[in-house]
Each structure stands twice: as structure tokens, then as C-alpha cells.
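Novice: one predicted model, sequence on top.
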Amino acid sequence: MLEYEFEEVACDEGGGGWSPFGGFGLETAAHQEVIRRRAAEGWRFAGFVPKRQRAGGFIETIDLVFLRETPET
């Protein structure tokens, strides 16, 4: 059986954001720390889902999705 967990990560680190004069100027590294920590705990990264988004399409937060095998009971 598979067990899933979700962890929210903000996409607003480092300042920047969307500019009408040249695309995006945003970068985040918080997801790397979360994925490494979860891997050390036995979780496998499965993907992400945008959680909060502005009207212009800018993603403010995402849910990282993790899974692991659990013993059948």
C-alpha cells in the first residue's frame, strides 16, 4: 500500500517576480531542502501541485507530493 504526504513550499524566496518587460525573475531553493529531508526519512518525491496562484498566473505556493510503501495490515 502507498502512503502520500504533502508539504507546502512558498515560491517567493529571493524577491523578483513577473515583469511585463522580460518574463520571470524568481527563484527558490526551499524545495531542495524539503526533498532531501524527506528522502532521508524514507519518502520518495512524486511531483508537485500548484496550491496558490495569482490571477496573472504566478504560482505563490506549491504542494510537494511524497510517497512511501507501507506494510499491508
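Specialist: On my side now, so go ahead.
Novice: which stretches in this structure count as strands?
Specialist: 2-10, 18-19, 23-24, 44-53, 59-69 (DSSP state E).
Novice: the longest one versus strand 2-10: what angle between them?
Specialist: It refers to strand 59-69. Orientation of strand 59-69 against strand 2-10 (axes from the mean of the first three to the mean of the last three Cα atoms, to 10 degrees) gives an angle of 160 degrees.
Novice: tell me the angle of strand 59-69 relative to strand 44-53?
Specialist: Using the same axes, to 10 degrees: strand 59-69 against strand 44-53 is 150 degrees.
Novice: pull the CA atoms of strand 59-69 into CSV?
Specialist: Taking Å, rounded to 0.1, in the frame of the first residue of the first chain, the C-alpha atoms of strand 59-69 are listed here in CSV:
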residue,chain,number,x,y,z
ILE,A,59,2.4,30.5,-8.6
GLU,A,60,2.8,31.6,-5.0
THR,A,61,2.9,28.2,-3.2
ILE,A,62,3.2,24.6,-4.3
ASP,A,63,2.5,21.3,-2.5
LEU,A,64,5.3,18.8,-2.9
VAL,A,65,3.9,15.3,-3.1
PHE,A,66,5.8,12.4,-1.4
LEU,A,67,5.0,8.7,-1.2
ARG,A,68,6.3,5.6,0.5
GLU,A,69,5.4,2.0,0.8
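Novice: can you list contacts of that strand?
Specialist: The contact list for strand 59-69 (Cβ atoms under 8 Å, 6 or more residues apart in numbering) reads 1-12, 31, 34-35, 38, 42-54. Just so you know, the C-beta spots here come from the backbone N, C-alpha and C atoms, and that holds for glycine as well.
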